[in-house]
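> below: sequence and its predicted model.
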Amino acid sequence: MAHVELSLSEAFVLGTGPAEEPVDVLERWAATVRTADEPCLVIDTDAVIVATSASCCSLLGLGRPEHTVGRFLLDGVLRLVDFTAAGGQLTEAEIDKIPPLLALSSGRLARGLMRVQCSADGFQHATIDAIATPLLRGEKAAGSLTFFSAV
């Protein structure tokens, strides 16, 4: 017969110990993303990339992770296209609804499919499933963390 025990204790909160300094939520997640095996990235409230995983850069055709940090997500870094055969550019309204940005603006989880241009010649497109969560500082979003998966 299985036996389950439950123990209740005070919640552990990072950065509240006497010798520890508080850790910024973006930097904490950026450190995790930099070493993650999964394709993921962290952006701040201005949609500037704080960290990307190597597998994210590979999946999205972004180059090396260190070349993406500090760049605006939509300024030639993430090349979004629509779902038509021609792969045209997205409208401003459609761009605002991509999961990393929607998680920022809504303060909630966001999930959706995105189509990205993965090669410099513009001919290779990939459909990506993205799920994003806002990273909160108090009650306000300080950024978002997004995980990607090829469809």
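Ah, there it is. Numbering: from 1, shown residues only.
> tell me where this structure has strands.
Assignment of strands within the chain using DSSP state E yields the ranges 40-44, 49-52, 80-81, 110-117, 125-137, 140-150.
> right, so of the ones you listed, which gets closest to residue 33?
Nearest to residue 33, of all these, is strand 49-52, at 4.2 Å by CB to CB. Heads up, the C-betas are built off the backbone N, CA and C, glycines and all.
> parallel or antiparallel, list what pairs with the closest one.
When pairing is defined by DSSP bridges, strand 49-52 lines up against strand 40-44 (antiparallel).
> picking up where we left off before, and the strands of the chain, which one's lowest on average pLDDT?
Mean pLDDT per stretch puts strand 80-81 lowest among the strands of the chain, at a mean of 90.
> how far out from the middle of the chain is that strand?
Distance of strand 80-81 from the chain centroid (CA atoms, centre = their mean, to the nearest Å) equals 16 Å.
> roughly how far does residue 125 sit from residue 48?
Here residue 125 is placed at a distance of 25 Å from residue 48 (CB to CB, to the nearest Å).
> returning to what we had before: let me have the strands of the chain in JSON lines, extended by mean neighbour count.
Output for the strands of the chain, formatted as JSON lines (neighbours: other CB atoms under 10 Å):
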{"stretch": "strand 40-44", "mean neighbour count": "25"}
{"stretch": "strand 49-52", "mean neighbour count": "26"}
{"stretch": "strand 80-81", "mean neighbour count": "17"}
{"stretch": "strand 110-117", "mean neighbour count": "18"}
{"stretch": "strand 125-137", "mean neighbour count": "18"}
{"stretch": "strand 140-150", "mean neighbour count": "20"}
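> do you know which of those strands lies nearest residue 92?
Here strand 80-81 is closest among those (CB to CB), at 11.4 Å.
> which elements pack onto that closest one?
Judged by 3 or more CB pairs under 8 Å, 6 or more residues apart in numbering; DSSP states H and E, the packing partners of strand 80-81 are strand 110-117.
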